[in-house]
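[1] Pasting a predicted model and its sequence here:
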Amino acid sequence: MKLNGKTVLVCNCEGTMSLDGKALAKACGGDGDLTIHNHLCRTQIDRFTTALQSGEPLIVACTQEAPLFSEVAAEAAPDTALGFVNIRERAGWSEDVAATATITAKIAAFLVESAMDLKPSTTVSLTSNGECLIYGPGEIAIPLAEQVADRLAVTLLLSDDGAVTPPVVSRVPMFRGSIIRAAGHLGAFTVTIANQASASASSRDRLAFTDGEPETELTCDLILDLTGQAPLFPGAEKRDGYARPDPGNPAALQKALFELTALVGEFEKPRYVAYDIDLCAHSRSAITGCSLCLDICPTSAIQSSGDGVVFDPFICAGCGQCASVCPSGAVRYAMPSAEDTLLRLRGLLTAYFKAGGEKPTLLLHDIRHGEPMIAAMARHGRGLPAPVLPFAFNEITQIGLDFLAAALAYGAGRIYIMLPPGKRDERAGLDQQIALADALLGGLDLGEGRIAVIDEDDPAKIEALLYDASPRDSAARASFLPLGGKRTVLTLALGELHAAAEAPPEVVSLPAGAPFGRIAVDTEGCTLCLACVSACPVSAIRDNPESPELSFIEQLCVQCGLCQKTCPEKVISLEPRYNFASEARDAVVLHSEEPFECIRCGTPFGVKSAIERIVDQLAGKHSMFQGENSADIIRMCDNCRVNVQFEDGAFNQGVQRRPMRTTDDDLRERDERRARGEPDEDL
């Protein structure tokens, strides 16, 4: 059978899965018949080799034996593209045998998803020459430094003055000092050391050191921190090339050494996020609006840079929280792209429904934690319930409201998010996105509680939770293409959910901080200075070049607050909400006034109320406007104001001009000085 031009090979793993080739081929909607193999990785490996000869892309429904298949392919047909998909642990090994049709639909959905074409992620290059700084107490640091001295170029920095016997042979340079600052990444670390002192070559019974320098700087490729104190970096466990094992755990120390010795050479690191400064609502004119990505980044890989922010791809650990909370879509996850992830989701659910599946529950997980949990449930428990569809991410914390809304619009009845243990302190952004989704679902009366986080490490408890949860009907079954940015996808998904609701309201109130809403302007205090127009990063606030007018497009507003902070009169307030009405897409006039016409030429300029206010405040009160008609100049346009002042001689009145000097004046004064016997001065 072929799917999307790719040959699909399916095996029932020695009969441990009950698979119907005809039913599965029909459910997939593929081209040709589907043969169910029994032992493809061993006794039937020749069938795999034969399939390779066509040169067409090949998908094997087995991930356990992927290394074997890849090795065979490398010898027999190295140019053939290979892909693998797990149907065994995710579907076939399940005790939910009463739902055979649902399991068939589920496997068909996995096969269709695996055949999709996704764009490769971009990368950045890092180079490590193995220059390693080992920092810690001598009794631990010296033996470890000697252990890897043949593999790494080690520099040893002792953090104590302990009574350490000097080594018989000095294999590594040794210093004493304290690291007070550290920056950088794998292959390019920089540390600032206080009181760095060299070990004395004449040390006898214990190490002695020369006088230390107040502050020095050292560069290295790798750092092994053995102090057991506070880490040198925020999000230290995510910093490639920086190891901080428990100094009292010998196994952890050896593991850290093993991992560091492998970090020598050239490496490609994914560029995890894509950034569009034109959509960024961070700052305007040195006034800060949105800082969600800066506040939530665990590794400090994001820094403010004028009106936008700067991402350091070498430090970024790829958690995706910045993309999750970004209200405008300026930051988007790029491994894979958000568009490809949504296309995978659409393909999975569409294929599931087309094959006859009902009430799907999405189980969102990452690969490192989620796949072992799913495998443990399949091997040692009942396996996943039939309607539960696992969906893998690079990082679970990258999930945002756009994905959740799209998943519900595409037909997911429930969504469970399997949180890895190491991510528990990074779930703030995820919780915020779920709260927004719940507020929208509750406002549409589609039922809150469809989305939940599974914060468990025990696969048995996860399995019990999934079996105890009753499947829920889909809120909608949309099929829109997830094209465009984050806001476009959100608009499409929420529009589908609104259309599916029985009695949907036009407006749903949202909690503070929500990225949707409108602004209110106190027109009594507004002078139509239009500072808010220039401050708005998404052009939600607009002016009218023909007349003094302020208008607003609610659907574009991200509630960043820049307009509110920029307004000199402080007459703007924010109201978080989601408006489903068509008027939210149109410009609505918030405030308008008549333009003031020049009293001399009739040209419209300025705002009538503002000009009258200025006249009232200055006429007869300011020294420049004491005359009977002196304030009339304020009522004139720029051109007439200048012309009148020249015509009336206003620029010359009361001004004593200094006489013009010439060369003759200078020469005459020089002769007079000489006559008085005074020395000449430079002209």
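    Structure received.
[2] Doesn't T127 lie inside a helix?
    No: T127: not assigned to a helix; according to DSSP: H, G, I helix; E, B strand; the rest coil it is strand.
[3] what's the neighbour count on it?
    Other residues within reach of T127, judged by other C-beta atoms under 10 Å, total 12. The C-beta positions use only the backbone N, C-alpha and C, and glycine is treated the same way.
[4] so what's it up against?
    By C-beta atoms under 8 Å, 6 or more residues apart in numbering, the residues touching T127 are 187, 265-267.
[5] And those residues, which is closest to I36?
    The shortest gap between I36 and any of the contacts of T127 belongs to F267, at 41.1 Å (C-beta to C-beta).
[6] Across the sheet, point out what pairs with the closest one.
    L126 (DSSP bridges).
[7] is it true that it touches L126?
    Yes: distance between F267 and L126: 4.8 Å, which falls inside the contact criterion (C-beta atoms under 8 Å).
[8] among the contacts of T127, which ones are buried?
    In the contacts of T127, burial by neighbour count holds for 187, 267, counting by 16 or more other C-beta atoms under 10 Å.
[9] thinking again about what came up before, find residues that contact each of F267 and L126.
    The contact lists of F267 and L126 share L186, where a contact means C-beta under 8 Å, 6+ apart.
[10] ok, and the closest non-adjacent residue to A469?
    Across the structure, with C-beta to C-beta, 6 or more residues apart in numbering as the measure, the residue nearest A469 apart from its sequence neighbours is R414 (6.6 Å).
[11] Who are the contact partners of the one you found?
    If a contact means C-beta under 8 Å, 6+ apart, then R414 has 361-362, 450-452, 469, 471-472 as its contacts.
[12] In the stretch 101-250 of the chain, mark out all the strands, start to finish.
    With DSSP state E, counting those that start in this stretch as the criterion, the stretch 101-250 of the chain has strands at 123-128, 131-136, 153-158, 174-185, 188-198, 213-220, 222-225, 242-243.
[13] Can you check what pLDDT the model gives G162?
    For G162, the model assigns a pLDDT of 68.
[14] Repeat that for D638.
    For D638, the pLDDT comes out at 84.
[15] ok, now N394?
    According to the model's per-residue confidence, N394 sits at a pLDDT of 94.
[16] Spit out the contact partners of it.
    Per C-beta under 8 Å, 6+ apart, neighbours of N394: 272, 318, 320, 333, 335-336, 366-367.
[17] Okay, and which of the residues you listed map to strands?
    Among these, the residues falling in strands (DSSP state E) are 333, 366.
[18] just the contacts of N394 now: which is nearest R239?
    For these, the minimum distance to R239 (C-beta to C-beta) is 12.3 Å, reached by G318.
[19] Dihedrals phi and psi, A512?
    Main-chain torsions, A512, degrees, to the nearest 10: phi -60, psi 140.
[20] if I look at it, how far off is R171?
    Plainly put, A512 is 60 Å away from R171 if you go by C-beta to C-beta, to the nearest Å.
[21] the more surrounded of the two?
    Neighbours were counted for A512 and for R171 using other C-beta under 10 Å; R171 has more, 14 against 8.
[22] Contacts only, for the more buried one.
    Listed by C-beta under 8 Å, 6+ apart, the contact set of R171 reads 145-146, 149.
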